[in-house]
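*Asks:* one predicted model, sequence on top.
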Amino acid sequence: MKKEIDYTNRVDNDHIKSFGQYFTIPLVANFMCKWACTNSTSLLDPAVGNSVFLTTTCNINPNCKLRGYEIDNTILDYFGNPANAEIVCSDYLLTDWDTKYDAIVCNPPYNRFQAVSNRNEIIDAIHSHTGIKYSGYTNLYILFLIKSIFQLSEHGRLAYIIPTEFLNSKYGIAIKQKLIDERLLSSIINFKNDNELFFNATTTCCIILLDHSPKEQILFYSLESVNELDTLTIGKVSNNCLTVDYNQIRAEDKWRIYLNQEASQNYSNLIDVANFCKISRGIATGANDFFCMSKSKIEKLHIPQAALKKCICKSADVKSAIFTEEDFKSLAQKDKTVYLLDIHEDSENELKDYIADGEAHSINKKYLLSCRSPWYSMEQKPIAPIWVSTACRDGLKFIRNLANVNSLTTFHSVFINEPYEKDINVIFCYFLTPIAQSILRENRKELGNGLEKFQPNDLKTAKMLDITVISADDYERINFIYYNMLEEYHSSQIDELNEIFSSYLIA
């Protein structure tokens, strides 16, 4: 990978990110090409990049006709065409829909579809050819996979190295349903140590293998190390393989339990979080550097108090599960960014110079701000009594917001549904416990390197204890612990809460 490392050092990082360029290591490329291309007469690589799949196939099957697509001339000029393949310099998603291939092998672009300027044209093309309608929030690699499935010949094989996120996300349901309905999915190979896969990316990753052969089961392999690919035989059931019948798997479900071969714990008294809570994202400024303020910045720019609201801008500033007015004052004294610019008519004139400076630096042209009128207006959201972190590595961070301040998207906002507002402290205490977080994490998205992410809908559709089953005595005990936590927080309090809630969850 020396040349690939040199490329990433020479080429601007924004360029690499804009094209979603992450390089497949030779071991993985060799495995994918051997499975898909050994007996094929034609190979398609929809995203050529460094030509690793083309050159590998050329060595495995010299008689295979090679074709690839690549829209980035920079990467083509750097790596050349070592396999002497036919390389088409145009958008794969908009061309060549009718051609079928015996083998399709790809490491598609890993970037958000929102960054693609012609995404509406691509969405229309996908829909007209497949009948599947996707939104502009879909990841680009899903659209590559959809098109490749439609181009796979009757006896062909497809191998993609792809993030696992779509297997646990709402936007992946349509493609998963197609894989199930047509029984295309042969195997999925998941890697427990995703850091081994790409030297210039942190992401979850799996190899997905598809073909049209009749099959009753899907084989899920979970590998401790990428080196296990050397001895892996697809179709052979082993200790690292889980078989799942096609008639037992559902597209609507998250497939994490299959990927990671997790043992499923049966809990009692579970109910959707949405029964008790409404969850929404925090305030999105569109330009934090412009809108987020510290005391010193406020004084330097002469920002009027009427144009400010208290707001937590960074989750790292909140250290405890209970956030009070005193905690907020302490952060403000330390000159943390805990104020948000909120310009109204009464302060607009006093800030005209600051607004003009923002326009001089094209702040008004940023995506979110260009959609607002005026561009410097701020989202208005109610203050949440509970916050929850949007991403984590060591457990979800729930915060009781007693300071009555706003937060940015660094936290999601948790509101208690009206019939249960009196139970807010019990619900909050439940969310703090290890057993509650273990259950919530079943609805997580994994982003690689141990990072877990939760969208509001992931939390709303997650399960929690039905608090209405809690006895009056235990309800009183929980509240007693909560009020003790307000005085002084101890880890033993969480242990005690965990014991109480567990008694209702584990039979």
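*Replies:* Arrived safely.
*Asks:* what are the ranges of the helices in the stretch 151-300 of the chain?
*Replies:* Assigned by DSSP state H, counting those that start in this stretch, the helices in the stretch 151-300 of the chain fall at 173-181, 256-259, 288-291, 295-301.
*Asks:* all strands of the stretch 51-200 of the chain, in order?
*Replies:* Under the criterion DSSP state E, counting those that start in this stretch, strands of the stretch 51-200 of the chain are mapped to 65-69, 86-88, 101-106, 152-162, 185-191.
*Asks:* just the angle between the first one and strand 101-106, please?
*Replies:* In this structure, strand 65-69 runs at an angle of 40 degrees to strand 101-106, with axes from the mean of the first three to the mean of the last three CA atoms, to 10 degrees as the basis.
*Asks:* where does the stretch 101-250 of the chain have low pLDDT?
*Replies:* For the stretch 101-250 of the chain, the stretches flagged by pLDDT under 70 are 112-115, 135-137, 195, 199-203.
*Asks:* where does the prediction get shaky in the protein?
*Replies:* For the chain, the stretches with pLDDT under 70 are 112-115, 135-137, 195, 199-203, 262-264, 447-450.
*Asks:* before we move on, back to that, and the strands of the stretch 51-200 of the chain, which is most packed in?
*Replies:* strand 101-106 (a mean of 26; mean count of other CB atoms under 10 Å). No exception for glycine: its C-beta is placed from N, CA and C like everyone else's.
*Asks:* show me what it is packed against.
*Replies:* Identification of packing neighbours for strand 101-106 by 3 or more CB pairs under 8 Å, 6 or more residues apart in numbering; DSSP states H and E yields helix 26-37, strand 42-45, helix 52-60, helix 140-150, strand 152-162.
*Asks:* and the fourth one, how far out from the chain middle?
*Replies:* Mean-position distance between helix 140-150 and its chain equals 18 Å (CA atoms, centre = their mean, to the nearest Å).
*Asks:* list the buried residues in it.
*Replies:* Neighbour counts using 16 or more other CB atoms under 10 Å place 140-149 of helix 140-150 among the buried residues.
*Asks:* packing partners of it?
*Replies:* Helices and strands touching helix 140-150, as assessed by 3+ CB pairs under 8 Å, 6+ apart, comprise strand 101-106, helix 119-130, strand 152-162, helix 173-181.
*Asks:* can I get these in CSV including distance to Cys58?
*Replies:* Converted to CSV, the helices and strands packed on helix 140-150 look like this (distance: least, CB to CB, whole Å):
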stretch, distance to Cys58
strand 101-106, 12
helix 119-130, 30
strand 152-162, 16
helix 173-181, 29
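*Asks:* tell me which of the ones you listed lies nearest to Ile363.
*Replies:* Taking CB to CB as the criterion, Ile363 comes closest to helix 119-130 out of the helices and strands packed on helix 140-150, the separation being 23.8 Å.
*Asks:* list the contacts of the closest one.
*Replies:* 91, 93-94, 97, 113, 116, 132-136, 143, 146-147, 150 (CB atoms under 8 Å, 6 or more residues apart in numbering).
*Asks:* quick check: ChimeraX command selecting the buried ones in those residues.
*Replies:* With 16+ other CB under 10 Å as the criterion, this ChimeraX line picks the buried residues out of these:
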select :93,113,116,132,134,143,146,147
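*Asks:* restricted to helices, list the contacts of helix 119-130.
*Replies:* Counting by DSSP state H, the contacts of helix 119-130 place 143, 146-147, 150 in helices.
*Asks:* okay, the residues you listed in JSON lines with distance to Ala472 next?
*Replies:* What follows is those, written out as JSON lines (distance: CB to CB, whole Å):
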{"residue": "Leu143", "distance to Ala472": "55"}
{"residue": "Ile146", "distance to Ala472": "54"}
{"residue": "Lys147", "distance to Ala472": "59"}
{"residue": "Phe150", "distance to Ala472": "60"}
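*Asks:* skipping adjacent residues, who's closest to Phe31 in space?
*Replies:* The spatially closest residue to Phe31, leaving aside those adjacent along the chain, is Leu229, at 4.4 Å (CB to CB, 6 or more residues apart in numbering).
*Asks:* brain fart, Ile207
*Replies:* Ile189 (4.2 Å).
*Asks:* that neighbour bridge partners, please.
*Replies:* Note on Ile189: beta-bridge partners by DSSP bridges are Ile207, Tyr221.
*Asks:* separation between it and Ala47?
*Replies:* Using CB to CB, to the nearest Å, we find Ile189 at a distance of 19 Å from Ala47.
*Asks:* correct me if wrong: Glu350 contacts Pro304.
*Replies:* Yes - using CB atoms under 8 Å, Glu350 is in contact with Pro304, at 5.2 Å.
*Asks:* OK, contacts around Leu459?
*Replies:* Counting by CB under 8 Å, 6+ apart, Leu459 makes contact with 273, 277, 279, 388, 412, 440, 443.
*Asks:* let's see that with 7 Å instead.
*Replies:* 273, 279, 388, 412, 440 (CB atoms under 7 Å, 6 or more residues apart in numbering).
*Asks:* and the third one, how many neighbours?
*Replies:* The one in question is Val388. A count of neighbours around Val388, defined by other CB atoms under 10 Å, yields 22.
*Asks:* kindly indicate whether it is helix, strand or coil.
*Replies:* At Val388 the chain is in strand, as set by DSSP: H, G, I helix; E, B strand; the rest coil.
*Asks:* is it true that it touches Thr410?
*Replies:* No - counting by CB atoms under 7 Å, Val388 sits too far from Thr410 to count as a contact (10.6 Å).
*Asks:* deepest of the helices of the stretch 151-300 of the chain, which one?
*Replies:* Sort the helices of the stretch 151-300 of the chain by mean neighbour count, taking mean count of other CB under 10 Å, and helix 256-259 sits at the top with a mean of 20.
*Asks:* and the strands of the stretch 51-200 of the chain as JSON lines, adding distance to Ile257?
*Replies:* Shown next, in JSON lines, are the strands of the stretch 51-200 of the chain (distance: least, CB to CB, whole Å):
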{"stretch": "strand 65-69", "distance to Ile257": "35"}
{"stretch": "strand 86-88", "distance to Ile257": "40"}
{"stretch": "strand 101-106", "distance to Ile257": "27"}
{"stretch": "strand 152-162", "distance to Ile257": "19"}
{"stretch": "strand 185-191", "distance to Ile257": "11"}
